[in-house]
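> below: sequence and its predicted model.
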Amino acid sequence: NYHVKSGMYHYFRGEFKQAEDFFRKALNDENLADADRRTALHYLTLSLMDRAERLQSRGELDSGVEQLRKAIEVNSDYPDIPFRLGCLLEELERPNDAIEAYRSAIEVQRDYLDAHVALGICLVKAGQREEAEKVLGRALKLKRKRLDDPFRRGLESLKRGDNRDAADQFHETFLSSPRLGAEYQKKALEWLKLEEYPKSLEELDRAIALCPKYPDLYNLRGVVLCALERIDEAIDAFRLSAVLSPQYLVPRLNLAFALVRAEQYKDAEAELEAILQLDPTEPAAAAQLEELRSGRVPEKRRRVSRGSTR
């Protein structure tokens, strides 16, 4: 879809208002394919969120709140949006509104640890002692579970003799730092937009060292490796992302296109067929598969999609 492609172009150039306009035009098209509609909704949400973050960095907090409220209207199932809204409202010294925003984030995702912590601390500051105790008690249980679950899986893997998985699980227990990993990922995206690919890769490797089970990081790493023309390594990165999140189509599409670039057409065809089994309406997969089956040699340089934190 022309408007979806145009929106993607502007989004990755950091032109969020133009991106929003194109995505909204796409969504007004009654004949828009389901896969394109999902893409437009996803990137419209990201455009609004990223614009809010930019406005916040400029000190335009009220405008940032407006963008986040628009993002909630577009996608009410994304808990990060009300959480960020709560943080902004706290900066604006509107604690009651912030409390409601944090509650909304928790309604969307019951085990959202950061939202529980933020809500509990906000309640403490507001003098709501009893509710703060309850919320922070739940936060403590969630934090313990975040440690206990991978530790238990690590022990189980150790008993099975799967030392590699055991090491990964113990790494997640004791060394994983999602927040710091997210900071490295953010820096990697910034370097990627500037086409500073080696610097982007360096930040991604730091993030993966902290969060080795996050599929988005490997998908993004594959994108950067493609830009560096290290296609075989990119294929491995996309494949690992797909293994970690088999229902997430972006890394699987990227894997298929990377296989095409590597001229591994049989493997690419098999991957495209698998994607279409999951989503028969996916237009990029259908078009590429038709091209392969026609016997035409596809263009060797095929763009890949960066995807994002879902």
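Structure's in. What do you need?
> what about Y9, which helix or strand?
helix 2-12 (DSSP states H and E).
> gap between that helix and the chain center?
18 Å (CA atoms, centre = their mean, to the nearest Å).
> L27: how many residues sit nearby?
18 (other CB atoms under 10 Å). (Glycine included, C-beta is placed from N, CA and C.)
> do the same with the one 5 residues further on
Residues within reach of L32, counting by other CB under 10 Å, total 18.
> ok, it to P79 distance?
26 Å (CB to CB, to the nearest Å).
> for the lengthiest helix in the chain, what does the pLDDT average out to?
When the chain is parsed with DSSP state H, its longest helix is helix 129-160. The average pLDDT within helix 129-160 is 96.
> which helices and strands sit right next to that helix?
Helix 129-160 is packed against helix 113-125, helix 163-174, with contacts defined by 3 or more CB pairs under 8 Å, 6 or more residues apart in numbering; DSSP states H and E.
> mind listing what's buried in the helix or strand following the last one?
Using DSSP H and E, the helix or strand that follows helix 163-174 in sequence is helix 178-193. Across helix 178-193, burial judged by 16 or more other CB atoms under 10 Å covers 181-182, 184-185, 187-189, 191-192.
> one step back: kindly calculate the angle that the longest helix of the chain makes with helix 178-193.
Between helix 129-160 and helix 178-193, the angle comes out at 80 degrees (axes from the mean of the first three to the mean of the last three CA atoms, to 10 degrees).
> report the angle between the axes of helix 129-160 and helix 113-125?
Counting by the same axes, to 10 degrees, helix 129-160 points 150 degrees away from the direction of helix 113-125.
> buried ones in helix 129-160?
132, 135-136, 138-139, 142, 146, 150, 153-154, 157.
> out of those residues, who's nearest S63?
V135 (29.6 Å; CB to CB).
> now do the host helix or strand of A256: which elements does it pack against?
Counting by DSSP H and E, the element that carries A256 is helix 249-261. Here helix 249-261 touches helix 215-227, helix 231-244, helix 265-278, helix 283-293, going by 3+ CB pairs under 8 Å, 6+ apart.
> what angle separates the last one from helix 249-261?
By that I understand helix 283-293. Put simply, helix 283-293 runs at 20 degrees to helix 249-261, going by the same axes, to 10 degrees.
> identify the residues contacting helix 283-293?
The contact list for helix 283-293 (CB atoms under 8 Å, 6 or more residues apart in numbering) reads 33, 35-36, 253, 256-257, 260, 265, 268-269, 272-273, 275-276, 279, 298, 302.
> same thing but 6 Å
The list of residues contacting helix 283-293 from outside it, by CB atoms under 6 Å, 6 or more residues apart in numbering, reads 33, 35, 265, 269, 272, 275-276, 298.
> what's the burial count for the closest residue to E90 other than its chain neighbours?
Once flanking residues are discounted, E90 sits nearest to A98: 4.5 Å by CB to CB, 6 or more residues apart in numbering. Residues near A98, counting by other CB under 10 Å, number 24.
> pLDDT value on A98, please?
Looking at A98, the pLDDT reads 97.
> again, but for S241
95.
> phi, psi of E15?
phi -100, psi 80 (degrees, to the nearest 10).
> coming back round to it: need the buried residues of helix 129-160 in JSON lines with distance to P283, can you?
JSON lines is the format used below for these (distance: CB to CB, whole Å):
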{"residue": "A132", "distance to P283": "49"}
{"residue": "V135", "distance to P283": "44"}
{"residue": "L136", "distance to P283": "47"}
{"residue": "R138", "distance to P283": "43"}
{"residue": "A139", "distance to P283": "43"}
{"residue": "L142", "distance to P283": "40"}
{"residue": "R146", "distance to P283": "38"}
{"residue": "P150", "distance to P283": "38"}
{"residue": "R153", "distance to P283": "38"}
{"residue": "G154", "distance to P283": "42"}
{"residue": "S157", "distance to P283": "40"}
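> quick check, nearest of those residues to N75?
L142 (23.6 Å).
> show me what contacts the closest one?
111, 113.
> and it, how far from L136?
10 Å.
> wait, A207 sits on R179?
No. Counting by CB atoms under 6 Å, A207 does not reach R179; the two are 11.0 Å apart.
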